[in-house]
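>>> coords please:
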Amino acid sequence: MSLEGAAAPPFELEGSDGKKHTLAGYAGKTIIIYFYPRDNTPGCTKEACGFRDLSPPFGELNSVILGVSKDSLTSHDKFIRSFELPFILLSDPDTAMMTAYGAFGEKVLYGKKSLGTIRSTVIVGPDGVVRKQWKTVKKAESHPEEVLAWLKGNPL
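Okay, here's the model as predicted:
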């Protein structure tokens, strides 16, 4: 299912900053929401560090980065401290948000089918409409650059 052009599904999740975060709370800003399988794993760490390293140019584009996984807030805190991540990580333990955004479901890993988090990203415009969706991210380490390039080429 493609979310592009549709209203972003609402959400309310606890964040690593100790606050509840909702879609409505980000009205007027561009939100980059990236979904990842697990804190402190090689691919997820490379992707998070890529977003970290590019956070100044994302900020210049009036955008906010949110990372979302099933991990606990305690796990998120360790991940943030270990890699000095300057953005908020949201905890979605029941996968409600991930499911609504197509980031949780059947996936194939090493030829085996399983249910799990699908590494993916959406860009939600200031009006709450999904402008871009990467349904599956193949190269976690270079994906943040791809997202920034798309944003620069498609100002919101």
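
>>> C-alpha from now on. contacts and neighbour counts both.
OK.

>>> For the least confident helix or strand in the chain by mean pLDDT, which helices and strands make contact with it?
In the chain, no helix or strand scores lower on mean pLDDT, DSSP states H and E than strand 104-109, which sits at a mean of 81. If you count contacts as 3 or more CA pairs under 8 Å, 6 or more residues apart in numbering; DSSP states H and E, strand 104-109 packs onto strand 112-117.

>>> Can you give the distance from the strand it packs on to the centre of its chain?
19 Å (CA atoms, centre = their mean, to the nearest Å).

>>> which residues sit against the helix or strand residue 52 falls within?
Assigned by DSSP states H and E, residue 52 falls within helix 42-53. Contact with helix 42-53 is made by 36-39, 65, 67, 83-87, 140-145, as judged by CA atoms under 8 Å, 6 or more residues apart in numbering.

>>> Go through it and flag the buried ones.
Judged by neighbour count using 16 or more other CA atoms under 10 Å, the buried positions of helix 42-53 are 43, 44, 45, 46, 47, 48, 49, 50, 51, 52.

>>> ok now do residue 6, which residues does it touch?
Neighbouring residues of residue 6 by CA under 8 Å, 6+ apart: 129, 130.

>>> Quick check: it vs residue 32, distance?
From residue 6 over to residue 32 the distance is 15 Å, taken as CA to CA, to the nearest Å.

>>> Show me the strands in the protein, by range?
12-15, 20-22, 30-35, 63-69, 88-91, 104-109, 112-117, 120-124, 130-134 (DSSP state E).

>>> okay, these in TSV with mean neighbour count and distance to residue 150 next?
As requested, the strands of the chain are exported to TSV (neighbours: other CA atoms under 10 Å; distance: least, CA to CA, whole Å):
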stretch	mean neighbour count	distance to residue 150
strand 12-15	18	26
strand 20-22	15	24
strand 30-35	24	11
strand 63-69	22	13
strand 88-91	25	22
strand 104-109	13	24
strand 112-117	13	23
strand 120-124	25	10
strand 130-134	21	9
